[in-house]
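[1] Next comes the sequence, and after it the predicted model I'd like to discuss.
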Amino acid sequence: MNKPVHAPQQQFAVAGGELQVGGIPLSRLAERVGSTPFYAYDRALVSARMAAVRAALPAQVRLHYSIKANPMPAMVQYMAGLADGLDVASAGELKTALDTGFDPAHISFAGPGKSTAELRRAIAAGVCINVESGAEIARIAQQAEALGMAPRVVLRVNPDFELKASGMRMGGGAKPFGIDAEAVPQAAAQLRAAGIEPLGFHIFCGSQSLKTEAIVEVHARSFELSLRLAGECGFAPAMLNLGAGFGIPYFPGESPLDLAPVGANLAEWLPRVRAALGEVRVSLESGRYFVGEAGIYVARVVDRKVSRGQVFLVTDGGLHHHLAASGNFGQVIRKNYPAAIGNRMAEAARETVSVVGPLCTPLDVLAERMELPPAGEGDLVVVFQSGAYGLSASPTAFLGHPQPTEVLV
């Protein structure tokens with residue numbers, strides 16, 4: 001039986017034996033950045049991914065960028081020019097979104113623990129708040145009255161189903177996210193009693209799914225639930241956000257997602273939904289799928305060690321910068337992200353090596369017993385699939401090492 005391999009990392013060009021990022025050879029980019037480690041994101045790849053998603057889905061579907069995937073201000077500014085909406089999950093992300101000049105009416109604020117101060121800022125900004133509980137509704141009403149403003153509110157629904165085969169399940173069963181579907185009519189009545197008209201529903205079941213059939217099923221069930229809730233709540237939603245669930249291949253044996261059936265399913269549902277609800281704005285939100293494959297993490301080899309026959313490449317980067325690649329961000333059994341020696345892409349020779357960082361912990365592993373070209377001091381290790389949930393999801397203060405640079409090229 002053949003050993004599973006990573007999906008080919010062909011999104012970045014290779015020339016002269018070096019990986020190219022934004023048309024720049026990796027070693028030259030490292031000099032331009034001025035130090036290692038660093039994250040580099042290729043804007044052309046982001047644009048190409050957005051264009052591919054739009055081509056696969058019906059034109060009526062709006063695409064929202066979930067800032068939590070990569071909140072680098074330059075990336076958010078770039079995505080503001082490509083996306084139809086921005087989704088935030090904190091006051092910090094809200095500031096980043098508003099700084100782009102994006103229309104606040106198309107910025108949504110989600111999260112189960114919004115503070116009163118965050119709610120007040122969101123109301124004042126005019127963004128759409130995804131309400132997640134009756135207590136939050138009461139606080140929104142109180143702050144809206146104090147500000148003398150009408151808040152923009154969408155009901156976040158916790159459905160009684162989940163996105164199967166997803167990396168993170170955020171709907172179905174008992175969850176801290178959203179209002180249980182059976183309690184949504186009561187929440188809608190609570191809003192109306194406070195003089196607030198809900199604008200629609202947000203149904204986000206999960207993320208990081210590579211199973212097309214699972215995404216098709218959850219979108220269909222989300223449409224069905226929306227139609228039922230519209231009747232039970234007595235209003236026609238103007239906005240309907242179904243999340244997305246789109247995943248990217250990280251580990252050996254995984255294959256890229258096929259969006260064609262997803263688009264075909266949405267095309268079947270949209271006429272039915274609009275016939276029942278009118279000109280509802282249907283949107284999908286994603287972050288990882290738009291930017292994840294457009295980014296790399298780059299660390300320099302500072303030592304090559306052999307310990308009892310095993311080769312270790314010790315680099316100046318590690319889990320404090322890229323927790324997910326170390327396997328300590330949700331993995332139960334550690335698996336390698338795709339990796340390469342970015343300045344030795346043309347070499348055919350291979351050896352089994354482990355790539356580790358400088359931290360004084362055995363958890364600091366970027367690649368374990370992986371087949372890579374022979375490398376040594378000064379070479380550049382590249383970790384692919386690093387454009388999402390990289391730096392901002394990592395414990396950068398751990399052991400006091402400097403933070404890496406991020407560049408958008």
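    That came through fine.
[2] On the three-state scheme, Val282 is what?
    strand (DSSP: H, G, I helix; E, B strand; the rest coil).
[3] Run a quick neighbour tally on it.
    Neighbouring residues of Val282 were enumerated by other Cβ atoms under 10 Å; the total is 23. No exception for glycine: its C-beta is placed from N, CA and C like everyone else's.
[4] List the contacts of it.
    Residues in contact with Val282, defined by Cβ atoms under 8 Å, 6 or more residues apart in numbering, are 60-62, 240, 242, 266, 270, 273.
[5] Using TSV, lay out these together with distance to Leu94 and secondary structure.
    TSV is the format used below for the contacts of Val282 (distance: Cβ to Cβ, whole Å; DSSP: H, G, I helix; E, B strand; the rest coil):
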residue	distance to Leu94	secondary structure
Gln60	27	coil
Val61	24	coil
Arg62	19	strand
Leu240	22	strand
Leu242	22	coil
Leu266	29	helix
Leu270	30	helix
Val273	29	helix
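[6] By neighbours, which of the residues you listed wins?
    Leu242 (25 neighbours).
[7] Please tell me how far the nearest residue to it once chain neighbours are set aside sits from Ala230.
    Leaving out its chain neighbours, the residue that sits closest to Leu242 by Cβ to Cβ, 6 or more residues apart in numbering is Ser222, at 4.8 Å. Plainly put, Ser222 is 12 Å away from Ala230 if you go by Cβ to Cβ, to the nearest Å.
[8] go on, Ala194?
    20 Å.
[9] Between these two, which has more neighbouring residues?
    Ala230 (20 against 16).
[10] Going by contacts, tell me the helices and strands next to the helix or strand where the more buried one lies.
    Using DSSP states H and E, Ala230 maps to helix 212-233. Secondary-structure packing of helix 212-233 (3 or more Cβ pairs under 8 Å, 6 or more residues apart in numbering; DSSP states H and E): strand 152-158, helix 184-193, helix 260-277.
[11] So which of these is the most surrounded?
    Each of these was scored by mean neighbour count; the highest is strand 152-158, a mean of 25, by mean count of other Cβ atoms under 10 Å.
[12] Touching the helix holding Ala230 from outside, list them.
    Contacts of helix 212-233 (Cβ under 8 Å, 6+ apart): 155, 157, 159, 161-166, 181, 184-185, 188-189, 198, 201, 203, 205-206, 209, 236-237, 240, 242-246, 257-259, 261-262, 265-266, 269, 272-273, 276-277.
[13] which of the residues in it are buried?
    212, 214-219, 221-223, 225-227, 229-230, 233 (16 or more other Cβ atoms under 10 Å).
[14] just stretch 177-185 next, same as before
    177-179, 181, 183-185.
[15] can you pull the contacts of Gln186?
    Gly134.
[16] per-residue confidence at it?
    What the model reports as pLDDT for Gln186 is 96.
[17] Bridging across strands, which residues link to Phe312?
    Lys305, Ser354 (DSSP bridges).
[18] so who does it touch?
    303-306, 353-356.
[19] ok, and the most crowded of the residues you listed?
    With neighbours taken as other Cβ under 10 Å, the top of these is Val355, carrying 28 neighbours.
[20] Got the domain ranges for this structure?
    For the chain, the structural domains run 14-41+293-408, 103-286, going by automatic domain parsing.
[21] okay, those in a markdown table with distance to Asp84 next?
    As requested, the domains of the chain are exported to a markdown table (distance: least, Cβ to Cβ, whole Å):
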| stretch | distance to Asp84 |
| --- | --- |
| domain 14-41+293-408 | 19 |
| domain 103-286 | 7 |
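[22] so which of those gets nearest Ala52?
    domain 103-286 (7.7 Å; Cβ to Cβ).
[23] And the strands in the stretch 1-150 of the chain?
    Secondary structure of the stretch 1-150 of the chain (DSSP state E, counting those that start in this stretch): strands located at 14-15, 18-21, 24-25, 38-41, 62-66, 85-88, 107-109, 128-131.
[24] In the sheet, which strands lie alongside the fourth one, parallel or antiparallel?
    Paired neighbours of strand 38-41 in the sheet (DSSP bridges): strand 295-307 (antiparallel), strand 405-408 (parallel).
[25] centre of the chain versus the last one, how much separation?
    Which is strand 405-408. On the basis of Cα atoms, centre = their mean, to the nearest Å, strand 405-408 sits 17 Å off its chain's mean C-alpha point.
[26] One more: stretch 293-306?
    23 Å.
[27] what is the mean pLDDT for it?
    Averaged across stretch 293-306, the pLDDT comes to 98.
[28] Give me the buried positions along that stretch.
    Applying 16+ other Cβ under 10 Å to stretch 293-306 flags 293-301 as buried.
[29] Using CSV, write out every CA atom in it.
    The C-alpha trace of stretch 293-306 is given here as CSV (Å, rounded to 0.1, in the frame of the first residue of the first chain):
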residue,chain,number,x,y,z
GLU,A,293,-3.0,28.5,0.4
ALA,A,294,-1.6,31.9,-0.6
GLY,A,295,0.8,32.0,2.5
ILE,A,296,4.0,30.4,3.6
TYR,A,297,6.1,30.5,6.7
VAL,A,298,9.8,30.8,6.2
ALA,A,299,12.5,29.9,8.8
ARG,A,300,16.3,29.6,8.3
VAL,A,301,18.3,26.6,9.3
VAL,A,302,20.7,27.6,12.1
ASP,A,303,22.1,24.1,12.8
ARG,A,304,22.1,20.6,11.3
LYS,A,305,22.4,17.9,14.0
VAL,A,306,22.5,14.1,13.9
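[30] just to revisit the earlier point, dump the helices and strands packed on helix 212-233 into JSON lines; add distance to Ala124 as well.
    Converted to JSON lines, the helices and strands packed on helix 212-233 look like this (distance: least, Cβ to Cβ, whole Å):
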{"stretch": "strand 152-158", "distance to Ala124": "11"}
{"stretch": "helix 184-193", "distance to Ala124": "19"}
{"stretch": "helix 260-277", "distance to Ala124": "30"}
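[31] What average pLDDT does stretch 123-132 get?
    Stretch 123-132 comes out at a mean pLDDT of 97.
[32] For stretch 254-262, which outside residues touch it?
    6-7, 52-53, 56-57, 209-210, 212-213, 215-216, 219, 246-249, 289.
[33] Skipping adjacent residues, who's closest to Lys335 in space?
    Phe251 (4.2 Å).
[34] May I have the secondary structure class of the one you found?
    Phe251 - assigned by three-state DSSP - is coil.
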